[in-house]
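Q: Curious how this folds, go ahead:
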Amino acid sequence: MKKLILAAAAAAILAMSVAAQAEPAKFRLCTGNSQLNYFKAGHILKSKSSAAQVEVVETKGSIDNLDKVTSGECDGAFVQSDALLVYSARNAKAISSLERAGILYQEQAHMICNRNVNFGRMVDLNQSHTVAIGPDGSGANTTWAAFVMADKARYGKVNTDTRSGLRALSAVADGSQVQCALIVTALNSPFMKVDAQKLGDRVVLVGTDDRDMTKGAKDARGQYVYTYGEIPAGTYPAIQPSGTVYGTKAIGTIQLDAVFVTNNAWIDAHDREYDALLRAFANAKPEIAKLAQPQ
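A: Here you go, the predicted model:
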């Protein structure tokens, strides 16, 4: 009887061991607001991954993501490329613990201003203006911090406000406290395509194409963080400036990459699973790309 009990116990332990080995490694992925693209992209990656069990974590934004990944609360994250620049200035040692795993898509720096400000480009901002950039750690706040780092004389004097989303949009439409808002998002995001255009009689897009930014802001690898981009004519007809003859005209912008980063400690502990996760990310990219260019 004793032998049977021992045999049964041994079999149970063996079964538990096999089950533990068969269970996929957990990968905690920091993303962003549940209503925005990074969170949705996380669930797309989760649907493609089998070797690693992806847990999609809602967060406040890119800087919050980097805080969580470097502290071990998350194993990887989706972040703006300029967040790496801003974060490295605060904590260069922590940023060295991360590996860039890939690029999701490109995002544009959209700036919406009250129509009464009467200028066409971000470089015309001065100390009399207030720009809504969202709370600390958000995408727009991070991009603005990078702008100030790159050209403090020009952007350091501009007033900022922590309002974001519809609250910021409403404040810009009013124009008394906030004259402009910075929104970092892919082209044709629902916020720009739907919400912003509803206020087209009060707000207008202005260019963020400060060429100095594309030449001055570099990441830890010495690579330029920003490139010059464009919002094509007719993308947001209600809020783009009128064309010379008819329709609307294109708007110059600064654009940046949305990047997938992973904690090196997780990679070292899960070498085989990481290869599979990278394969899953490659398989997920076509579907993720559609988030940046919705039809």
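
Q: Shouldn't Asn188 be within a helix?
A: No: counting by DSSP: H, G, I helix; E, B strand; the rest coil, Asn188 is not part of a helix but coil.

Q: neighbours around it, how many?
A: Look at Asn188: counted by other Cβ atoms under 10 Å, it has 16 neighbours. (Glycine included, C-beta is placed from N, CA and C.)

Q: 370 is where my numbering starts, stick with that
A: Will do, 370 is the new start, and the previous item becomes Asn557.

Q: Point me to the helix or strand that includes Val541.
A: Using DSSP states H and E, Val541 falls within helix 534-543.

Q: Phe650 is in contact with Gly471, correct?
A: Yes: using Cβ atoms under 8 Å, Gly471 is in contact with Phe650, at 5.6 Å.

Q: Spell out which residues are contacts of both of those two.
A: Both Gly471 and Phe650 are contacted by Phe629, under the criterion Cβ atoms under 8 Å, 6 or more residues apart in numbering.

Q: continuing past the helix holding Val541, what's the next helix or strand?
A: Tracing the chain C-terminally past helix 534-543 and defining elements by DSSP H and E, one meets strand 549-554 next.

Q: mean confidence score for that next one?
A: For strand 549-554, mean pLDDT rounds to 94.

Q: With stretch 600-611 instead?
A: Stretch 600-611 shows a mean pLDDT of 91 in the predicted model.

Q: So which bits of that stretch are buried?
A: Buried positions in stretch 600-611, judged by neighbour count with 16 or more other Cβ atoms under 10 Å: 600, 604-605, 608-609.

Q: could you point out which element follows the strand ranked longest in the chain?
A: What stands out as the longest strand in the chain, according to DSSP state E, is strand 467-483. Toward the C-terminus, strand 467-483 is succeeded by strand 499-501 as the next helix or strand (DSSP H and E).

Q: on contacts alone, who are the packing partners of the very next helix or strand once past that following strand?
A: Of the helices and strands lying after strand 499-501 in sequence (DSSP H and E), the nearest is helix 508-519. When contacts are defined as 3 or more Cβ pairs under 8 Å, 6 or more residues apart in numbering; DSSP states H and E, helix 508-519 sits against helix 431-440, strand 445-449, helix 450-459, helix 521-524, strand 549-554, helix 580-585.

Q: Measure how helix 508-519 sits relative to helix 431-440, angle-wise.
A: 90 degrees (axes from the mean of the first three to the mean of the last three Cα atoms, to 10 degrees).

Q: Any regions of the stretch 470-619 of the chain where pLDDT drops low?
A: Within the stretch 470-619 of the chain, the ranges that satisfy pLDDT under 70 run 589, 612-615.

Q: What are the buried residues along the longest strand of the chain?
A: In terms of neighbour count (16+ other Cβ under 10 Å), strand 467-483 has its buried residues at 467, 470-471, 473-483.
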